[in-house]
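Visitor: What shape does this take:
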Amino acid sequence: MDRLYLKAALGLLQLPLMVGVLVFLPAGTFDYWQAWLFMAVFFTVSLALTVYLAINDRPLLERRMRAGPAAETEPAQKIIIRVALLLIAALPVVSGLDHRFGWSQMPTAVTIFGNALIITAYIGFYFVFRANTYGGATVEISEGHKVISSGPYAIVRHPMYSWALPMLVGIPLALGSWVALLMVGPAIAVIVWRLIDEERLLTNNLPGYADYKRAVPHRLLPFLW
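Guide: Below is the predicted model:
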């Protein structure tokens, strides 16, 4: 098997294990149907998007596989991504603790809605990836990098982050925790921190990006910011 595809396959296989540890260990039980449903949904949408990239955009798949603090080239982004990963990991951890200690009770319909938000977010990621082959997991200027202004990039300058917002909200809802929603605010703040620093890099180093900013005024939310 191609090394890139093998790495992607291993990453997918590790995903349920990592998520399971973050959820079931703090929950102290496997009797947690919301967590099992969340894991099934999260793995399915991750698998679907990975297969799409493997078939249609190998360079982007390779860029997406280079992720994490060590892969970042900008010093500020190394710090930002560490904080972001801690806050994202806190969503299932706090949800698991909520399940263990019964801090909050959530209707089944809200849990289903949370999973629907996650699926919707991944559909949004698909349209972002289809429009932008340079949409790697790190903040950098790739060889041949050019400004993308079509598709979702005609609406906001950072649609990948825009679609991350419903996913962040969806995770604690899917896991049945009102308490874990408190972690969403700090996670969104880190996303804002990341995109502002990313825009500094793009404005200074990517030809045409300053003009693109003037043409598309909103960063994250259409008509708002």
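Visitor: so which helix or strand takes in L220?
Guide: L220 belongs to no helix or strand when elements are defined using DSSP states H and E.
Visitor: From V51, how far out is it?
Guide: The gap separating L220 from V51 is 28 Å, by CB to CB, to the nearest Å. The C-beta positions use only the backbone N, C-alpha and C, and glycine is treated the same way.
Visitor: got it, and L173?
Guide: 26 Å.
Visitor: same deal with R100?
Guide: R100 is 35 Å from V51, by CB to CB.
Visitor: thinking again about what came up before, between L173 and V51, point out the one with more neighbours.
Guide: L173 (26 against 13; other CB atoms under 10 Å).
Visitor: helices or strands next to the longest helix along the chain in the packing?
Guide: Among the segments of the chain that qualify as a helix by DSSP state H, the longest is helix 75-101. Secondary structure elements in contact with helix 75-101, counted by 3 or more CB pairs under 8 Å, 6 or more residues apart in numbering; DSSP states H and E, are helix 3-27, helix 33-56, helix 159-174, helix 184-205.
Visitor: Rebuild the ones you listed as TSV, extending it with mean pLDDT and distance to A137.
Guide: What follows is the helices and strands packed on helix 75-101, written out as TSV (pLDDT from 0 to 100; distance: least, CB to CB, whole Å):
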stretch	mean pLDDT	distance to A137
helix 3-27	88	12
helix 33-56	93	12
helix 159-174	96	10
helix 184-205	92	11
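Visitor: Determine which stretch of those is the most buried.
Guide: Mean neighbour count (mean count of other CB atoms under 10 Å) peaks for helix 159-174 among those, with a mean of 22.
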